[in-house]
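*Asks:* Next input, structure requested:
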Amino acid sequence: MSTMAREVAYWQFVRSELKEVPPDDIIRQCFPDGVDTGEVLDQPDNFLDLANRKLNTFPFKDVNPCWFRLYTDASVAKVLKLIELNSSSTEEDTVSGYDLHGHLDEIVSTLDMALIMAGGLGRQELIHGILAELQSTLRDAAEVDERPQKRRRLDESRMGEKASDLFLIDSVSVPPLNFPVRTLEHPSLTDFSKHIQQRREPAVLTNVLDHWPALDKWKSTSFWLQTTLGGRRLVPIEVGRSYTDDDWAQKIVPFREFLTQYIQRASDRGPDSESAAAVQTGYLAQHDLFKQIPALRNDIAVPDYCYLDAPPAEAGTPVALTKAKEVAISRKSEPISSPSLACPPSSEKDTNEADLESEPQTHIWFGPAWTISPLHHDPYHNILCQIVGKKYVRLYSPHHSKALLPRRTDEPAPHIPQPQDLKEVSGIVGAGGQNHDTIDMSNTSQIDVAAMELSPLEDWDDVYPGISRVPYMECILEAGQALYIPIGWWHYVRSCSMGISVSFWW
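*Replies:* Okay, the predicted model is just below:
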């Protein structure tokens, strides 16, 4: 089959998928009067606007799932329209890599917004397939353009490119360790099980990630640009020092903008430059990028330790008490979950054990030096795997929770993102918004460990009574190492360099 014939067949397949909607598909709930769902193909912008209005009317958790389905299908239909506009062929539904460039940014952002805003509900595989088709089309076009003269120029510059292609991962502010975390060298499943069941404390795990391709591949900027369709894929990032700060916000930006504005620019200026303080911190944090870009999963592997039976939170600790309350509440009402990937930080995560999937929850943490996660605890066991760079981690036992001054359960949260704030691809999400709801921040401490690090000579007991007497453990997590964090343990994390980590919650 020729390339053109294959393209025709593929786009006709996509069109038929949208047109042939099963009678029991929830999208039909959007049209109680029996509107033909095929009209979405003809008027995608109208239906996308309709779905957008519905998503903005209520909090995501209260939106009828049919509107997420409509948002998704209308997004795919819009992409088909854009591809038709760019087709230079006399045959219907074909497009070349050159033709795509006119609207490629819009095509990719439309698909990514369907994944981020609506979870790609009912169409995840189809959307991933379209993105893979676009990637293939662009790659084929690039190969055709590899003229001999151009290829010679590329070969001549290749040695220089190899050096500039790697992330700058010079370390900054690596503190000495006074109370190091225990290290376990590639523990067996039996030994690790004993550790989590009996010692119930953190541990640095060495030589457990040696087989991961990510350890080499993810150091390269060109790898990330290629994987994100030339940096066009959208990613939700946190902007600001910490989600506990008033000026913290969220943005959805193309990956290339995240890379150039927040990773490379921060590295170029350096931590001691005069302008470094003026650079906003951008952090791709706690995002399941592997669900959005499944090919990245080929570079990592879920640690076998995550499939062991893990002990529950220790009795009397905050997580144990919270779970007990939620079990009682869940007997009366079952919360409705949203398919959206756009969500507040971990302090608003639902801690109901029923939310745990069969597979561990996977998140990526990608940012420059001095990105921090404030002192907090999570309702899961966690294996944090360092892939690029290094991090400083300080950990406190949940039995010292009162001394760590947890925030309130009804903390004012002016920066919680609302659906309407997500409409602009590069718009700040939540900054200066009018939402004055509260959020349960009791899993986050009032103690600013970053400030304590920056001013070690200050008497912090005057600010946080008794903090100097609260025992803690600490480690420098190097690339290729993993850190086990037991359920409910308080932890503060700071990047000592540009870094990429992956966490596995179970």
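
*Asks:* Am I right that P360 is in contact with C306?
*Replies:* Yes - counting by C-beta atoms under 8 Å, P360 does reach C306; the two are 4.5 Å apart. In this view, the C-beta of every residue, glycine as well, is placed from N, C-alpha and C.

*Asks:* Between these two, which contacts overlap?
*Replies:* Here P360 and C306 have F504, W506 as joint contacts, going by C-beta atoms under 8 Å, 6 or more residues apart in numbering.

*Asks:* quick one: low-confidence parts of the chain?
*Replies:* In the predicted model, the chain carries pLDDT under 70 at residues 1-2, 35, 86-101, 140-163, 267-279, 331-357, 413-437.

*Asks:* try 50
*Replies:* 89-94, 96-98, 144, 152, 154-161, 163, 273-276, 334-356, 414, 418-436 (pLDDT under 50).

*Asks:* What backbone torsions are found at the residue most central in space within it?
*Replies:* Nearest to the mean C-alpha position of the chain, by C-alpha atoms, centre = their mean, lies H287 at 1.4 Å. H287 adopts backbone torsions of phi -120, psi 140, taken as degrees, to the nearest 10.

*Asks:* Contacts only, for it.
*Replies:* V235, P236, L341, H363, I364.

*Asks:* Go again with 6 Å.
*Replies:* Residues near H287 by C-beta atoms under 6 Å, 6 or more residues apart in numbering: P236, I364.

*Asks:* cool, and Q292?
*Replies:* L115.

*Asks:* From L121, how far off is it?
*Replies:* Q292 sits 14 Å away from L121, going by C-beta to C-beta, to the nearest Å.

*Asks:* before we move on, what about V449?
*Replies:* 39 Å.

*Asks:* Tell me the buried residues in stretch 224-236?
*Replies:* Neighbour-count burial for stretch 224-236, counted by 16 or more other C-beta atoms under 10 Å, picks out W224, L225, T227, T228, L229, G230, G231, R232, R233, L234, V235, P236.

*Asks:* Same check on stretch 8-15?
*Replies:* Those would be V8, Y10, W11, V14, R15, for stretch 8-15 by 16+ other C-beta under 10 Å.

*Asks:* Can you add distance to E411 and secondary structure and give these back as a markdown table?
*Replies:* Converted to a markdown table, those look like this (distance: C-beta to C-beta, whole Å; DSSP: H, G, I helix; E, B strand; the rest coil):
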| residue | distance to E411 | secondary structure |
| --- | --- | --- |
| V8 | 55 | helix |
| Y10 | 49 | helix |
| W11 | 49 | helix |
| V14 | 45 | helix |
| R15 | 48 | helix |
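
*Asks:* now, which of these sits nearest M473?
*Replies:* V14 (52.4 Å; C-beta to C-beta).

*Asks:* end-to-end on stretch 463-472?
*Replies:* One end of stretch 463-472 to the other measures 18 Å (C-alpha to C-alpha, to the nearest Å).

*Asks:* so what's V208 up against?
*Replies:* When contacts are taken as C-beta under 6 Å, 6+ apart, V208 is in contact with H186, A482.

*Asks:* where does it fall, phi/psi-wise?
*Replies:* Residue torsions, per degrees, to the nearest 10, at V208 are phi -110, psi -10.

*Asks:* for M441, same thing?
*Replies:* Dihedral angles for M441 - degrees, to the nearest 10 - are phi -110, psi 20.

*Asks:* Equivalent analysis for C475, please.
*Replies:* C475 adopts backbone torsions of phi -160, psi 160, taken as degrees, to the nearest 10.

*Asks:* Let me know whether it touches F179 as I believe.
*Replies:* No - using C-beta atoms under 6 Å, C475 is not in contact with F179, being 9.4 Å away.

*Asks:* Compare these two (neighbour count), which wins?
*Replies:* Legend: neighbour count by other C-beta atoms under 10 Å for C475 and F179, higher for C475 (22 against 11).

*Asks:* and the closest residue in space to the more buried one that isn't next to it in sequence, how many neighbours?
*Replies:* Using C-beta to C-beta, 6 or more residues apart in numbering and skipping residues adjacent in sequence, the residue nearest C475 is V181, 4.2 Å away. V181: 22 surrounding residues under other C-beta under 10 Å.

*Asks:* Could you do the one 10 residues further on as well?
*Replies:* As a burial measure, the neighbour count of D191 was computed by other C-beta under 10 Å and equals 10.

*Asks:* Now do the SS call for the nearest residue to it once chain neighbours are set aside.
*Replies:* Spatially, and ignoring its direct neighbours in sequence, D191 is nearest to L184 (7.2 Å; C-beta to C-beta, 6+ apart). Assigned by DSSP: H, G, I helix; E, B strand; the rest coil, the conformation of L184 is strand.

*Asks:* oh, and call the first residue 3 from now on, that's how I've got it
*Replies:* I'll keep to 3 as the first residue from here, and by that count the last item is L186.

*Asks:* Which strand residues bridge L186?
*Replies:* L207 (DSSP bridges).

*Asks:* if I look at it, how far off is D247?
*Replies:* Using C-beta to C-beta, which is the criterion applied here, L186 is 35 Å from D247.

*Asks:* next one: S447
*Replies:* S447 is 14 Å from D247, by C-beta to C-beta.

*Asks:* more neighbours, those two?
*Replies:* A count of neighbours by other C-beta under 10 Å puts S447 above the other of S447 and D247, at 24 against 12.

*Asks:* quick one, what contacts that one?
*Replies:* L377, L406, L407.

*Asks:* let's see it at 7 Å
*Replies:* Counting by C-beta atoms under 7 Å, 6 or more residues apart in numbering, S447 touches P376, L377, H378, L406, L407, P408, W492.

*Asks:* what about it, distance to D464?
*Replies:* From S447 across to D464, the span is 17 Å (C-beta to C-beta).

*Asks:* Confirm I331 sits in a helix?
*Replies:* Yes - under three-state DSSP, I331 falls within a helix.

*Asks:* Break this structure into its domains for me.
*Replies:* 5-89+103-144, 185-269+281-312+360-417+440-507 (the TED database).

*Asks:* Could I get the ones you listed in TSV, plus columns for distance to S332?
*Replies:* As requested, the domains of the chain are arranged in TSV below (distance: least, C-beta to C-beta, whole Å):
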stretch	distance to S332
domain 5-89+103-144	15
domain 185-269+281-312+360-417+440-507	14
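
*Asks:* Quick one, which of those domains gets closest to I171.
*Replies:* Per C-beta to C-beta, nearest to I171 of the domains of the chain: domain 185-269+281-312+360-417+440-507, 4.7 Å.

*Asks:* Could you pick out the buried ones from the contacts of S447?
*Replies:* Buried among these by 16+ other C-beta under 10 Å: P376, L377, H378, L406, P408, W492.

*Asks:* helix, strand or coil for the second one?
*Replies:* Right, L377. Classified using three-state DSSP, L377 is strand.

*Asks:* which ones are touching it?
*Replies:* Counted by C-beta under 7 Å, 6+ apart, L377 has contacts L406, S447, I449, V451, W492, Y494.

*Asks:* so which of those would you say is closest to V206?
*Replies:* Using C-beta to C-beta, these come closest to V206 at Y494, 15.9 Å.

*Asks:* Does that closest one touch K393 like I think?
*Replies:* No - taking C-beta atoms under 7 Å as the definition, Y494 is not a contact partner of K393, at 10.3 Å.
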